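Participant: Predicted model and sequence below, questions to follow.
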2 protein chains.
Amino acid sequence: MITYPTKKNVYQRKRVSTTNRGMTLEALIDETNAHYLRENSAIIHKKPTPIQIVKVDYPARSMAKITEAYYKTPSTTDYNGIYKGKYIDFDVKETLSATSFPLKNIHAHQINHLKQVDAHGGIAFLLIAFKKHGTYHLLPYKNLDVYLTRAEKGRKSIAYQELCETSIEVREGFRPSLDYLKAVDRLLKQKDL
Amino acid sequence: MITYPTKKNVYQRKRVSTTNRGMTLEALIDETNAHYLRENSAIIHKKPTPIQIVKVDYPARSMAKITEAYYKTPSTTDYNGIYKGKYIDFDVKETLSATSFPLKNIHAHQINHLKQVDAHGGIAFLLIAFKKHGTYHLLPYKNLDVYLTRAEKGRKSIAYQELCETSIEVREGFRPSLDYLKAVDRLLKQKDL
């Protein structure tokens, strides 16, 4: 959906940190991706939720109504696409904790997929929101991998402080509401070094 | 699904052209992508069909049963992923015609998406199956674009013969059943020139 500037939006702009507070992280990303697509800076889409369809009715000739279906476990992450000619792939996570992000929030298939993407030279990361702090963190897969290795023997979460030090912060803004490609640019620069 | 070699498969192998005749094009691609994933040569997945979920029941605590849902129009193609560090994106099409492929089989959102991917430096193409001939053709977006432009004033289909001349043939085989990355390799070589 294209949203046009209105007086109300301009007013809301002033209260920066609360601008998008009503939106879920997923909605922020969707809005941001739509913005990137309009600006032609990247082509990134959310993958649909995989559904196992069991029964379909046809109440009218041109209409299919699914009457029995179940959620399937995805085998990948939720977002992927192309940015600056590179393959980009990520998932988003939210936590209500103020102190740490529990690694059990990441599913095995997501870790496995991000690891493969990273190995193939793609841009792979998690975008983690700390709702209590109102902060967003782009955690590159390579850094996540360090925490996953540590978790095998020790701590099974990422402390807020250490996440701040090992991730790239993404600031909430107006349009796009969560300009995470800025953080990706910083990540790409680091890789060039 | 992983299929292990059996006497039967070995026998079937001899009748090359009919090996996979019972499988739909989509099943061939899924099998091929699973093969690529196992061999770690590419990470390519089919996107789930987008569904608009209206009503969900919870007959048991841990079980969600979708009881009303509808198909949504996708905004992209069906397949994407990463190959040799590059973003790859395509759709598959089948035709029963022996003489030509009608361009109306390609939806506007698919054309638009492939065009964007191509412009961003991704590998964008259609994989077209002529069922009567048992042939498969990788048509790079740039070549498709020529036919789309022509269609604005003239012929609204691609003749079988001209498709053969402007696409890269993909041979049906044993494992993987449709090794389209070989054709992608040839496409990448052409681009390097």
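Facilitator: Right, received. Where do you want to start? The shown structure was predicted, so the numbers you read here are calculated from the model rather than taken from an experiment.

Participant: Could you use CA atoms for every contact and neighbour count after this?
Facilitator: Will do.

Participant: how about the residues of chain A near chain B?
Facilitator: Counting by Cα under 8 Å from any Cα of the partner chain, the positions of chain A adjacent to chain B are A:42-43, A:47-51, A:64-71, A:81-87, A:116-117, A:120-122.

Participant: would you list every one of the strands in chain A?
Facilitator: With DSSP state E, the ranges of strands along chain A come out as A:42-46, A:51-60, A:63-71, A:79-83, A:86-95, A:100-102, A:123-130, A:135-140, A:157-159, A:168-170.

Participant: In chain A, where is pLDDT below threshold?
Facilitator: A:1-22, A:192-193 (pLDDT under 70).

Participant: residue closest to the middle of it?
Facilitator: In chain A, the residue lying closest to the centroid (Cα atoms, centre = their mean) is A:Val92, at 3.2 Å.

Participant: re earlier: buried subset of the residues of chain A next to chain B as a PyMOL selection?
Facilitator: If you want just the buried ones from the residues of chain A next to chain B in PyMOL, going by 16 or more other Cα atoms under 10 Å in any protein chain shown, the selection is:
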select buried, chain A and resi 42+43+47+48+49+50+51+65+66+67+68+69+70+81+82+83+85+86+87+116+117+120+121+122
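
Participant: And stretch A:33-52, end to end?
Facilitator: End-to-end distance for stretch A:33-52: 27 Å, by Cα to Cα, to the nearest Å.

Participant: What residues sit buried inside stretch A:28-39?
Facilitator: The neighbour-count criterion (16+ other Cα under 10 Å) identifies A:Leu28, A:Ile29, A:Asp30, A:Glu31, A:Thr32, A:Asn33, A:Ala34, A:His35, A:Tyr36 as the buried residues of stretch A:28-39.

Participant: Output stretch A:41-51 as CSV, restricted to C-alpha atoms.
Facilitator: What follows is stretch A:41-51, C-alpha atoms only, in CSV (Å, rounded to 0.1, in the frame of the first residue of the first chain):
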residue,chain,number,x,y,z
SER,A,41,16.9,0.1,-4.5
ALA,A,42,16.2,-3.6,-3.7
ILE,A,43,13.8,-6.4,-4.5
ILE,A,44,13.0,-8.1,-1.2
HIS,A,45,9.8,-10.0,-0.5
LYS,A,46,8.4,-11.9,2.4
LYS,A,47,7.8,-15.5,1.6
PRO,A,48,4.2,-16.7,2.1
THR,A,49,3.6,-19.0,5.0
PRO,A,50,3.6,-22.6,3.7
ILE,A,51,0.2,-24.2,4.0
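
Participant: From the rest of the structure, what touches that stretch?
Facilitator: A:30, A:33, A:36-37, A:69-74, A:78-84, A:88, B:47-51, B:116-117, B:120 (Cα atoms under 8 Å, 6 or more residues apart in numbering or on different chains).

Participant: residues touching the residue nearest to the centre of chain A, list them.
Facilitator: Each residue near A:Val92 by Cα under 8 Å, 6+ apart is listed here: A:Leu25, A:Glu26, A:Asp78, A:Leu126, A:Leu127, A:Ile128, A:Ala129.

Participant: got it, and A:Glu31?
Facilitator: Here A:Glu31 is in contact with A:Pro176, A:Ser177 (criterion: Cα under 8 Å, 6+ apart).

Participant: if I look at it, how far off is chain B?
Facilitator: 15 Å (Cα to the nearest Cα, to the nearest Å).

Participant: Could you do A:Phe125 as well?
Facilitator: For A:Phe125, the distance to chain B - Cα to the nearest Cα - is 15 Å.

Participant: The nearest residue to A:Asn143 once chain neighbours are set aside: how many residues sit nearby?
Facilitator: With Cα to Cα, 6 or more residues apart in numbering or on different chains as the criterion, A:Asn143 has its nearest non-adjacent residue at 6.8 Å, and that residue is A:Thr166. If you count neighbours by other Cα atoms under 10 Å in any protein chain shown, A:Thr166 ends up with 14.

Participant: Return the member of the contacts of A:Val92 nearest to B:Gly173.
Facilitator: Nearest to B:Gly173 among the contacts of A:Val92, counting by Cα to Cα, is A:Asp78 at 32.2 Å.

Participant: tell me the phi and psi of that closest one?
Facilitator: Dihedral pair for A:Asp78: phi -90, psi -30, per degrees, to the nearest 10.

Participant: thought it was touching A:His107?
Facilitator: No. Here A:Asp78 does not reach A:His107: they are 12.0 Å apart, not a contact under Cα atoms under 8 Å.

Participant: give me the number of residues near A:Lys104?
Facilitator: 9.

Participant: Check which residues of stretch A:178-187 are buried.
Facilitator: Buried residues in stretch A:178-187 (16+ other Cα under 10 Å): A:Leu178, A:Asp179, A:Tyr180, A:Leu181, A:Ala183, A:Val184, A:Leu187.

Participant: same deal with stretch A:154-171?
Facilitator: A:Lys156, A:Ser157, A:Ile158, A:Leu163, A:Cys164, A:Ser167, A:Ile168, A:Glu169, A:Val170, A:Arg171.

Participant: what about it, start to end distance?
Facilitator: Distance across stretch A:154-171, first residue to last, is 31 Å (Cα to Cα).

Participant: So in terms of bridging, what pairs with the closest residue to A:Asn33 other than its chain neighbours?
Facilitator: Closest residue to A:Asn33 apart from its sequence neighbours, by Cα to Cα, 6+ apart: A:Ile44 at 6.0 Å. Taking DSSP bridges as the rule, A:Ile44 bridges to A:Gly81.

Participant: count of neighbours near A:Ile44?
Facilitator: For A:Ile44, the count of nearby residues is 21 (other Cα under 10 Å).

Participant: For the residue nearest to the centre of chain A, which non-adjacent residue is spatially closest?
Facilitator: Nearest to A:Val92 is A:Leu127, by Cα to Cα, 6+ apart, at 4.6 Å.

Participant: Report the contact partners of the one you found.
Facilitator: For A:Leu127, the contact set (Cα under 8 Å, 6+ apart) comprises A:Phe90, A:Asp91, A:Val92, A:Lys93, A:Tyr136, A:His137, A:Leu138, A:Leu139.
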